[in-house]
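>>> Sequence first, then the predicted structure, then my questions.
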Amino acid sequence: MMDRGILAIVGAPGLKAAVAQAAADHGLDRIDKLDGLALYAGAGLKRSRAPASNVILGDHFSNGSFSVEWGSFLTFSAGTGRPTEISRAPLTGLPLYWCRTGGGLLLFSHLELLRGLHVETGVDVDFLRHLLAYSNHRTARTGLARIEELLPGTRLAFDGHVTQVKPIWSPWPHAGKQIYYRDAVPLLDITIRKCVSAWANERREIMLELSGGLDSSIVAAALAAGDHGFAAATIATASPDGDERRYARAVAERCGAALAEYLHDDSELDLAAGPRFLSPRPATYGVLAGIDAALGAATAQLPGASIFTGIGGDNVFAITRSILPVIDALKTREPIRRPAAALRDCARLCDVTVWHAARAVFRHWRRPPATGWPRDDDYSCRSALPDAPLPHIWDHGGERIPPGKIRHVQSIQRILDFLDRPGRWYGRDVVAPLLSQPVVELCLSIPGWQWVAGGHDRAAARAAFAPRLPEFVVWRRNKGRLETLCAKAFMEQRARLRPILLEGRLAREGLLDRERIEAYLARERLAGDYDYFRLLELADIELWVASVEGFGRVPASLAQRAY
């Protein structure tokens, strides 16, 4: 049974019987027919019709608390004489993929739903080239040929012949606004609490993944402030850098929640195991399998509970360790006291002198930082990779936005690539309230220098929830880390990773720097660098390729053959 699955077919009469059978096999129910659109959905998805020609699946909030309709939903619209349209809510919209087949349009939420439908597809090597150069730059293109994702904040229209995708939301209008600290702090408190309550009011049981860090602690505080009962779970590693239990305990006690503690079991880290589920692009991280197992054990105790998480907080709250807030204050021609204060705050945040920070500002001013998507092609064959990333719907509109705010937008874009990766979340109702549209729009409107006030990262968010959290949690400067555990697992399993990296599809396509990888694998010990994370990322991509090869068959595209 796939409680949160979605499957739909528009046109393609020859496929409708097979789609209906696939839906039945996965326990999906038929939704009222919409003029040529056959739509099936799992019982775990809310549904509503407004107006009669529309079907809305998922959480749709339009109760007047905010001026926008938001949530995690898809809207299906069809009518006689007009195109079928499918819209996905910005940021947290339900996942949906589509492809043209049989003269029609096939839509689905999980790749598993396509089994038996004989959809021709195959690994898109051109996509892999872009992925190796531009990590986490998620676009509509997937790793499977002919299959695209309907990105959050976009609308797909199909008139029976032509498909057209257009954006319906953009971050740039909000990034161009300026809400200052005095107003931002109370607005953050109110907005986050309202959004958390909107999600929580729709759910019977809630399990919060409480790391003890600021972001999940804010979610806990918002749940408690709204009198929403919840259970919490936290994990710890055997090494001190991954043990955050004292923070999680303090937050749980303050919020009146029961806390379950789990030890991160090193035995779960099988770095060569491959992904736990099929996906249209590389998803699960092998190095996080232990976290999945530990937190998965907690959620298994409440199988019907919704999982709340603080994911996205760092990104939405504009965490930084750079002098870009100073640059932004200068470029927006703020009174001199603001860039001067930002300079002192950035110096304190980065533990350097004001003069050191001033020199960095001068260097950046003379050589403005690149505003494009950061390139990271380490351990790849650079000559085989593209010079520019694939197009994204947010590529245009930020031309007059200062560089720090551009990085803020890119950080939010980056985190959207992680929401469907954890294996423990597959098929579950997962809520990331800090990525709620009203929260994101507000945070984009807060200038960069406000986020580093007083030398604290995420300063406005800290100040907003300081009255609701233990002081030593809300103002802590350190974060939990997994480097010790990950480095140990890499060294112990590198012999198994060797053939994956040196003999897999990426290596055979000439996309990897095999000589450099071989030299790194031959080291007797790690010398303080973190390059092993990049090799683990490459191994995960290779394991994903192996998991989907044979799923469908399609000849190489012209783009693929061009390399």
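Perfect, thanks for sending it.
>>> excluding its backbone neighbours, what's nearest Ala388?
Excluding its sequence neighbours, the residue lying closest to Ala388 (C-beta to C-beta, 6 or more residues apart in numbering) is Gly372, at 7.7 Å. C-beta coordinates here come from the backbone N, C-alpha and C atoms, glycine included.
>>> swap that for Leu37, please
Distances taken as C-beta to C-beta, 6+ apart put Ala78 closest to Leu37, at 4.5 Å, once the chain neighbours are dropped.
>>> what about the spatially closest residue to Trp425 that is not a sequence neighbour, is that helix, strand or coil?
Of all residues not flanking Trp425 in the chain, Ile307 sits nearest, at 6.5 Å (C-beta to C-beta, 6+ apart). Per DSSP: H, G, I helix; E, B strand; the rest coil, the secondary structure class of Ile307 is strand.
>>> quick one: contacts for Ile307?
Applying C-beta atoms under 8 Å, 6 or more residues apart in numbering, we find Ile307 in contact with Met207, Leu208, Glu209, Thr299, Arg424, Trp425, Arg428, Asp429, Val430, Val431.
>>> Next, name the residue at the spatial heart of this structure.
The residue at the geometric middle of the chain, judged as the C-alpha nearest the mean C-alpha position with C-alpha atoms, centre = their mean, is Leu416 (2.6 Å).
>>> Now do the helices in the stretch 301-450 of the chain.
For the stretch 301-450 of the chain, the helices identified by DSSP state H, counting those that start in this stretch occupy 313-316, 324-331, 337-349, 354-366, 403-415, 437-444, in order along the chain.
>>> Output those as a markdown table; include the columns distance to Asp227 and mean pLDDT.
What follows is the helices of the stretch 301-450 of the chain, written out as a markdown table (distance: least, C-beta to C-beta, whole Å; pLDDT from 0 to 100):
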| stretch | distance to Asp227 | mean pLDDT |
| --- | --- | --- |
| helix 313-316 | 22 | 97 |
| helix 324-331 | 37 | 94 |
| helix 337-349 | 35 | 95 |
| helix 354-366 | 44 | 93 |
| helix 403-415 | 29 | 96 |
| helix 437-444 | 20 | 98 |
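>>> In CSV, list those along with distance to Val125 and mean neighbour count.
Supplementary listing: these in CSV, determined by distance: least, C-beta to C-beta, whole Å; neighbours: other C-beta atoms under 10 Å:
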stretch, distance to Val125, mean neighbour count
helix 313-316, 30, 24
helix 324-331, 36, 24
helix 337-349, 42, 20
helix 354-366, 37, 14
helix 403-415, 23, 21
helix 437-444, 34, 24
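>>> Show me the one of these that comes nearest Asp29.
Between Asp29 and those, the tightest spacing by C-beta to C-beta is seen for helix 437-444, at 28.0 Å.
>>> what's the spacing between Pro303 and Glu205?
Counting by C-beta to C-beta, to the nearest Å, the separation of Pro303 from Glu205 is 9 Å.
>>> I'd like to know how far the closest residue to Ala318 other than its chain neighbours sits from Gly153.
Across the structure, with C-beta to C-beta, 6+ apart as the measure, the residue nearest Ala318 apart from its sequence neighbours is Trp451 (4.3 Å). With the distance defined as C-beta to C-beta, Trp451 ends up 23 Å from Gly153.
>>> So for these two, which residue has more residues nearby?
Shown here are Trp451 and Gly153; by other C-beta atoms under 10 Å, Trp451 has more neighbours (27 against 21).
>>> and Gly455, how many neighbours?
Counted with other C-beta under 10 Å, Gly455 comes out at 15.
>>> Could you measure from it over to Phe362?
Computed as C-beta to C-beta, the Gly455 to Phe362 distance reads 21 Å.
>>> same question, Trp425
For Trp425, the distance to Phe362 (C-beta to C-beta) stands at 45 Å.
>>> follow-up on the earlier one: who's in contact with the residue nearest to the centre of the chain?
By C-beta under 8 Å, 6+ apart, the contact list for Leu416 reads Leu91, Arg138, Pro152, Leu435.
>>> Please identify which two of the residues you listed are farthest apart in space.
In these, the most distant members under the criterion C-beta to C-beta are Arg138 and Leu435, with 13.9 Å between them.
>>> Low-confidence stretches in the stretch 351-500 of the chain?
The stretch 351-500 of the chain contains residues with pLDDT under 70 at 369.
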